[in-house]
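Engineer: let's see this in three dimensions:
(3 chains)
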Amino acid sequence: MAAPEAPTTALGATPGFVVRLDAFNGPLDLLLHLLREEQLEIADIPIARIADQFLQAIHELGLNQAADYLDMASRLVRLKAQMLLPRNVDDEGWEDPRAELVRRLLEYQQIREIAVWMGRSAERRAERFARGYLPPPPALPPPPLALDLLELLQAVERVIAAIPSPVLHRVVARPLDVESATRRIEALLESQEQFGWLDALGPRPTIVDVLSTLLALLELAKRGVLRLAQPTAFAPMVIARDPARATA
Amino acid sequence: MTPLAQLLEAALFSAARPLTVEELSTLDPDATLADVRVALEQIREHYDFEQHGVELQELAGGYQVLTRPAHAAAIERAQFSVRTPKLTAAALETLAVIAYRQPVGRAEIEEIRGVSAGGVLRTLQERGLIEVVGRSEALGRPMLYGTAPTFLELLGLRDLADLPRAEELTIALQPHRPEPEGGDDAAAYVEAES
Amino acid sequence: MTPLAQLLEAALFSAARPLTVEELSTLDPDATLADVRVALEQIREHYDFEQHGVELQELAGGYQVLTRPAHAAAIERAQFSVRTPKLTAAALETLAVIAYRQPVGRAEIEEIRGVSAGGVLRTLQERGLIEVVGRSEALGRPMLYGTAPTFLELLGLRDLADLPRAEELTIALQPHRPEPEGGDDAAAYVEAES
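Structural biologist: Predicted structure coming up:
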């Protein structure tokens, strides 16, 4: 592997390198690649250089859209800044800010070696075929179905995840009806100087009624039609005609 | 066994269907049809002479290695060919919707899951996990589904109230009642949201 | 072959998965586990001694008859059977984390690999390689994953103890030696990815 021209960047070292998002299995993979390119020790990362190269790589690879890469980029930049901070030479308590990153890289490297080993095992296994023809299952009653709660809950989570729009809009039985709530409150204001929150709600309120009434109250208060007060903490709200308006 | 017989045996074992002499001969470019026939005869004799549990059968114009009928009953009793049946992901998801939203019609299930549910509903009904619990008042009076007693049995639950109700589930799969029963309901809902 | 070996051979041919000694022993009420082990050993020796195209393999805690690797290329060329599709590097890494850390939650997997894992976990679950083995006590009670029996079948392992021990790896596969042979390591990686 002779390098005819001096590479300027890690990626420049491999001309014809196919740049694809799936070329790397994440930011740690890219970091390992950069270190390998430069034949650098994981335990002694020149953080400033690697951070710059990482940023350049995600720029060149068009990885900007991948949140995982951006997250790592910001960590590297922070590390770089920490490494630049002056420190006392004989500061015993100083902890290398790179320690955590080094630990993760070593751990990831190990996982990747295991993955390679597992890939080879799977390939070896794939060279042996199991029996292709399987006799039809016996016509006896099938064994009892296996079903457990975890599976069901997982299914629930999948269903929830698959629901496209924000869920809360869909479970509301009918749209908020702020207009009738406004009319109801205005009617109450006609007859009463002041009344309580529960009176404003009306009998047997639904969640829709509660929300509609709340919005109507806030809107009327904003328009100066009424005043909202709460005598003590957590006490029911008291609604009163706005005095200024009452006199007007 | 000769190398050719070995190769043929491996191929016959791994194939899902009977293989013809012509097909088998493609395995080894040096083998003639006659070579293949000889090797097949060797395999057959070996299986018979050494009293293997399998035999070489000629069927559908080809050859297949099959277990001897003498063992069929024992194997059937042991039911090795099937793992304990499990529900597919689609069936589980449909079951989940029904469990948390019953009584519920097919249209609503399909709306939530975004795919048609006919086949899955039938499977779940055949399995005895769900049943028709009524008919909706909506146009066409579609059937409404609910979970059957078997569902609770399999999960080891006493009743539906034993189903875990994580907050997110309660909100996302809250049954929308056309005319809520008022105070209680609203309170429960607000609680779940907060 | 003895009658028991014959019966076991037929059962092994009928099953789509490895069968355990316990399962096999249910075939014959008179057979002890030791009897079954002896008969299995007979079958294995017979396949090897008579140079059959198939062999008896011990994997995933049981026994399965599989074709010998020598015939894989010819069988594939003739399109009688197809190789199991390879797993992607991302899937293998995720499996590696789960195999060594099980039971393990999604957050930990993502922390180790540095990337989000939702899609890969779903694929692995659909292929039956991993399964949910419980829930963590942590906030939100996230699901914990473990490897399923199919995982061992896919890798051709007898049990999880067949996986290389993590300590051995750390030493054997130390990151970057100053005197890097490079070649081997890099080649292996590219191979796995291709």
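
Engineer: for the chain, which helix is longest?
Structural biologist: Using chain A here. helix A:99-126 (DSSP state H).

Engineer: chain B was what I was after
Structural biologist: Longest helix in chain B, counting by DSSP H: helix B:33-49.

Engineer: just to revisit the earlier point, hmm, the longest helix of chain A in reach of chain B?
Structural biologist: No. Figure legend: helix A:99-126 not in contact with chain B (CB under 8 Å from any CB of the partner chain); closest approach 12.1 Å. Just so you know, the C-beta spots here come from the backbone N, C-alpha and C atoms, and that holds for glycine as well.

Engineer: buried set for the helix or strand just after that helix?
Structural biologist: Counting by DSSP states H and E, the element after helix A:99-126 in chain order, helix or strand, is helix A:149-162. Counting neighbours by 16 or more other CB atoms under 10 Å in any protein chain shown, one finds that the buried residues in helix A:149-162 are A:150-160.

Engineer: quick one: which of those residues is nearest to B:Gly128?
Structural biologist: A:Leu152 (15.8 Å; CB to CB).

Engineer: let's see the pLDDT reported for that closest one.
Structural biologist: With respect to pLDDT, A:Leu152 scores 81.

Engineer: my guess is it meets B:Ala96, correct?
Structural biologist: Yes. Applying CB atoms under 8 Å, one finds A:Leu152 in contact with B:Ala96, separated by 5.6 Å.

Engineer: re earlier: make TSV out of the buried residues of helix A:149-162 and add distance to chain B.
Structural biologist: Converted to TSV, the buried residues of helix A:149-162 look like this (distance: CB to the nearest CB, whole Å):
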residue	distance to chain B
A:Leu150	10
A:Glu151	6
A:Leu152	6
A:Leu153	6
A:Gln154	7
A:Ala155	4
A:Val156	4
A:Glu157	8
A:Arg158	6
A:Val159	5
A:Ile160	5
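
Engineer: which stretches of chain A form helices?
Structural biologist: A:27-37, A:47-60, A:67-84, A:99-126, A:149-162, A:167-171, A:178-191, A:197-201, A:207-222, A:243-247.

Engineer: what inclination does the first one have with respect to helix A:67-84?
Structural biologist: Read it as helix A:27-37. 60 degrees (axes from the mean of the first three to the mean of the last three CA atoms, to 10 degrees).

Engineer: what angle do helix A:27-37 and helix A:47-60 make?
Structural biologist: 120 degrees.

Engineer: extract the residue ranges of the chain that are flagged as low pLDDT.
Structural biologist: By default, I'm working from chain A. Counting by pLDDT under 70, chain A contains low-confidence ranges at A:1-22, A:63-65, A:87-92, A:137-144, A:163-175, A:244-248.

Engineer: sorry, I should have been clearer: chain B.
Structural biologist: B:80-85, B:165-194.

Engineer: how about the helices in it?
Structural biologist: With DSSP H as the criterion, chain B has helices spanning B:3-14, B:21-25, B:33-49, B:72-78, B:89-101, B:106-113, B:118-126, B:149-155, B:167-172, B:183-193.

Engineer: any idea how far A:Ala200 is from the residue most central in space within chain A?
Structural biologist: Against the mean C-alpha coordinate of chain A, by CA atoms, centre = their mean, the closest residue is A:Ala67 at 9.8 Å. Distance, A:Ala67 to A:Ala200, by CB to CB, to the nearest Å: 46 Å.

Engineer: quick check: buried residues in the longest helix of chain B?
Structural biologist: B:35-36, B:39-40, B:42-44, B:46-47.

Engineer: that one close to chain C?
Structural biologist: Yes. Helix B:33-49 reaches chain C (CB under 8 Å from any CB) through B:His46.

Engineer: list the helices and strands that helix packs on?
Structural biologist: Where contact means 3 or more CB pairs under 8 Å, 6 or more residues apart in numbering or on different chains; DSSP states H and E, helix B:33-49 is packed against helix B:3-14, helix B:21-25, strand B:54-59.

Engineer: so which of the ones you listed is the most surrounded?
Structural biologist: Of the helices and strands packed on helix B:33-49, the one with the most neighbours on average (mean count of other CB atoms under 10 Å in any protein chain shown) is helix B:3-14, at a mean of 25.

Engineer: residues contacting A:Arg128?
Structural biologist: Residues counted as contacts of A:Arg128 (CB atoms under 8 Å, 6 or more residues apart in numbering or on different chains) are C:57, C:66-69, C:72, C:156.

Engineer: around the nearest residue to it once chain neighbours are set aside, how many other residues sit close by?
Structural biologist: Excluding its sequence neighbours, the residue lying closest to A:Arg128 (CB to CB, 6 or more residues apart in numbering or on different chains) is C:Leu66, at 3.8 Å. By other CB atoms under 10 Å in any protein chain shown, the residues close to C:Leu66 number 22.

Engineer: contact partners for C:Leu66?
Structural biologist: A:128-130, C:54-55, C:57.

Engineer: restrict the buried residues of helix A:149-162 to contacts with chain C.
Structural biologist: When contact is defined as CB under 8 Å from any CB, the buried residues of helix A:149-162 meet chain C at A:150-151, A:154.

Engineer: hey, what's the residue nearest to B:Leu19 when sequence neighbours are not counted bridged with?
Structural biologist: Sequence neighbours aside, B:Gly62 is the residue nearest to B:Leu19 in space, at 5.0 Å (criterion: CB to CB, 6+ apart). Judged by DSSP bridges, the bridge partners of B:Gly62 are B:Leu59.
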